[in-house]
Every structure is written in C-alpha cells, then in structure tokens.
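[1] structural data only, the sequence is not supplied:
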C-alpha cells in the first residue's frame with residue numbers, strides 16, 4: 001500500500017519519524033547538551049596537552065655537578081617546558097629559597113650522593129627527569145677519572161622498545177577508543193530505543209494506531225519506525241564522533257586520528273546494522289505496553305542487555321575480546337576496537353558483520369510478528385510469549 005504521494009508507506013513513516021524527532025525541542029536540547037559536553041571534554045584534554053611545566057632549581061655556588069645535571073635535564077625537556085638554575089650562596093640560602101618559594105627544589109651533590117629537596121615532596125615528574133641525569137653525570141665523572149668516557153662505558157646498553165603484535169597504535173588510545181565506542185553505542189541505543197518504544201505506546205494508548213492500521217500494513221509501520229530512528233541514531237553518532245575526533249586532533253594523541261577514523265568507520269557500519277535489531281526490539285517493547293507506565297517493565301530486558309554490552313566491551317582484552325568481536329551486538333564495539341589495535345585480519349570484520357546482519361534479520365522477523373500481534377491488544381501489558389502466540 002502507498003501513501004497519497006505514491007511513496008511507499010514505510011518511507012512515509014520513516015520521514016515522519018525523522019521530522020518528528022528533529023522538531024522535538026527536548027531531543028534537540030539533549031543533543032546540544034551532549035555535543036557541548038563532548039566538546040568540553042575534548043577542549044579540556046586539548047588544554048591539558050598544551051600546558052607547560054616550569055621549574056626553578058636551586059644550586060649552591062661551587063656545586064658544578066648539580067649545575068651540570070640541571071643543564072643537561074633542561075636540554076631533554078619537551079617543547080615549552082622550562083628548567084631554570086637559581087644559584088645561591090650556600091645550603092642555608094638554598095633552604096631559604098625553597099621555603100619562600102623562590103625555588104621549587106634544591107639539588108645538591110656530595111660524597112654521599114645526590115639529594116633533591118623540596119619544602120614538601122618534590123614533583124614526581126621532576127624527580128623522574130633528574131634521576132637518570134644525575135646518574136649519568138656521576139658515571140661521567142668516574143669514567144673520566146678512569147681515563148674513559150661515559151659513551152664508551154654505556155655502549156650497547158641502550159634499550160630499544162618493540163611491539164611483537166605488529167600494532168602501531170598506543171595502548172592508551174585503544175583503551176580510550178574502547179570506552180568511547182562502548183559509551184556511544186550505549187548512549188544511542190538506550191536513548192533512541194526508549195524514544196521508539198514511547199512513540200509506539202503513545203500511538204497505541206491514543207488509539208491512533210487503529211487508524212494507521214486501517215490504511216497501512218503494520219509491518220510497514222514498523223519498518224518505517226525502525227529505519228527512521230536508525231537514521232537519527234546514526235547521524236547523532238556521526239556528530240558525536242566528529243566532535244571527538246576534532247578534539248583528539250588537538251591533543252598529544254593527534255597522530256592516532258587516522259587510525260581512529262578507520263575504526264570509527266567500521267563502528268558506523270556495525271552500528272547501522274546492529275541498531276536495526278535494537279530498534280525492532282524496542283518497538284516490540286512499546287507494542288507490548290498499553291500505557292507509558294508499562295514501558296519500564298517491557299523495556300527492562302533490553303536495558304539490562306545493553307548495559308551488559310557496555311560493561312563487557314569496555315576494557316575487554318585478549319581471548320574475551322576476540323570472542324566478543326564475533327558475538328552479535330557486542331561485536332558493534334569490540335570488532336572496531338580490534339581493527340584499531342591491529343589485532344584483526346582483513347576477513348574478521350567481514351565475517352563478524354555477516355553474523356551481525358543475520359542476527360539482525362532474525363530479530364526483526366521475530367519482533368515484527370510480536371509487534372503486529374500485540375499492537376492492537378489493549379487492557380494491560382502483553383507478554384512477548386503471549387504476543388507471539390496471538391492470532
């Protein structure tokens with residue numbers, strides 16, 4: 001059956017769902033708040049990555065070893081950071097400089113070794129910076145006394161890191177992507193799913209669905225609702241991901257943006273297929289309810305499953321992650337993360353996507369049957385088994 005403009009009925013319903021959502025002020029306000037929140041978080045991390053550290057180190061006159069150590073440490077600082085030597089007369093002057101905050105710390109060398117003194121515990125980052133430098137200065141002095149050099153003594157002692165898994169992405173980026181994709185999936189699935197269910201039950205409660213059913217096959221109504229809300233959810237995720245990528249490009253992890261973009265591409269594809277199943281289940285949940293108050297009970301199983309997907313996919317690693325990347329629904333998050341980490345062969349995302357598509361088709365067929373048989377039943381909440389058995 002077709003509408004008055006000769007368009008397929010499902011297409012008219014889909015357009016109606018999209019327009020209704022776009023014109024919904026509460027939805028637009030929530031979308032804007034979420035975008036601002038993501039932009040704010042991205043901006044904070046970008047601001048953090050641009051911050052510089054500045055340290056003033058007191059060194060007593062005549063302590064050439066300490067002065068040399070500070071100079072060498074200053075040469076190893078990252079761009080923007082500063083390490084300044086403040087020369088003082090003696091130990092008492094050094095303590096006074098630290099106490100009145102003229103200097104952040106006091107570095108001293110002697111026969112018993114080196115000491116980094118602060119009014120409170122010295123900065124951990126400064127300690128980590130100075131520790132290998134003072135060791136190098138000490139070894140250099142002793143090497144000269146023995147008629148050799150530090151370079152000769154340390155030749156062959158450099159430690160080179162290597163990743164045997166072949167991955168090129170920092171593990172921190174992979175962990176962040178795991179959290180971000182799991183959160184995006186959970187946020188969109190729960191938010192859009194609840195709206196689908198509420199839309200269905202409102203039409204059922206107002207008896208509007210009886211008028212719709214007399215003109216349009218209910219399976220086409222379901223198809224239009226599922227596709228319309230899938231388009232909205234997908235567009236919303238693209239917005240969130242775009243803002244996140246822009247923010248990531250402004251941080252120290254900007255080199256990971258190309259790999260993250262490829263991973264997000266797979267996530268979009270998997271989400272587009274998987275959300276069809278989620279939307280169909282929520283539409284069925286709305287049909288099982290007779291009032292808005294019933295929705296909490298009919299949508300509870302989906303909410304529990306989605307929460308489980310979020311908790312299991314975020315931080316999954318090793319064999320568990322490999323298994324989850326082939327399990328429908330959890331694969332929406334786990335497979336793109338494996339692609340980002342370089343842990344998946346070219347054929348694995350394809351096989352996983354096929355499995356997800358088969359699962360989605362099966363869920364839609366079962367949900368469509370329950371949806372049609374429960375939608376016109378009133379007088380109380382309908383169980384899904386009852387809906388499947390109904391004539």
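    Right, received. Where do you want to start? Since the model is a prediction, treat every value here as computed from it, not as a measurement.
[2] by contact count, what packs against the helix or strand that residue 243 is a member of?
    Assigned by DSSP states H and E, residue 243 belongs to helix 218-249. Using 3 or more C-beta pairs under 8 Å, 6 or more residues apart in numbering; DSSP states H and E, the elements in contact with helix 218-249 are helix 9-22, helix 25-50, helix 171-205, helix 208-215, helix 257-288, helix 347-375. Every residue, glycine included, has its C-beta placed from N, CA and C.
[3] buried set for it?
    By neighbour count on 16 or more other C-beta atoms under 10 Å, the buried set for helix 218-249 is 218-234, 236-237, 240-241, 243-244, 247-248.
[4] could you list the domains of the chain?
    9-46+170-389, 52-154 (automatic domain parsing).
[5] residues contacting the residue nearest the centre of the chain?
    With distances taken as C-alpha atoms, centre = their mean, residue 180 lies nearest the centre of the chain, 1.2 Å away. Residue 180 makes contact with residue 244 under the criterion C-beta atoms under 8 Å, 6 or more residues apart in numbering.
[6] can you check the pLDDT for it?
    Per-residue confidence at residue 180 stands at 83 (pLDDT).
[7] equivalent analysis for residue 206, please.
    So residue 206 comes in at 81 (pLDDT).
[8] kindly report the same for residue 93.
    Looking at residue 93, its pLDDT reads 91.
[9] touching, it and residue 59? I think so.
    No. Counting by C-beta atoms under 8 Å, residue 93 sits too far from residue 59 to count as a contact (10.7 Å).
[10] what about these two, which has more around it?
    Between residue 93 and residue 59, counted using other C-beta atoms under 10 Å, residue 59 has the larger neighbour count: 24 against 18.
[11] three-state assignment of the residue located most distally from the centre of the chain?
    Residue farthest from the centre of the chain, counting by C-alpha atoms, centre = their mean, is residue 147 at 55.7 Å. State at residue 147, reduced to three classes by DSSP: H, G, I helix; E, B strand; the rest coil: coil.
[12] apart from its chain neighbours, what residue comes closest to residue 314?
    residue 182 (4.2 Å; C-beta to C-beta, 6 or more residues apart in numbering).
[13] next up, the contacts around the one you found.
    Counting by C-beta under 8 Å, 6+ apart, residue 182 touches 309-310, 313-314, 333.
[14] if we can go back for a sec, what's the least confident stretch among the helices and strands packed on helix 218-249?
    helix 208-215 (a mean of 80).
[15] so what touches it?
    Residues contacting helix 208-215 (C-beta under 8 Å, 6+ apart): 1, 200, 202-203, 221, 375-376.
[16] try 7 Å
    Residues outside helix 208-215 that contact it (C-beta atoms under 7 Å, 6 or more residues apart in numbering): 203, 221, 375-376.
[17] could you give the angle of it to helix 347-375?
    Relative orientation of helix 208-215 and helix 347-375, computed by axes from the mean of the first three to the mean of the last three C-alpha atoms, to 10 degrees: 100 degrees.
[18] residue 384: neighbouring residues, count only.
    There are 19 residues near residue 384, going by other C-beta under 10 Å.
[19] nice, that's everything, thank you.
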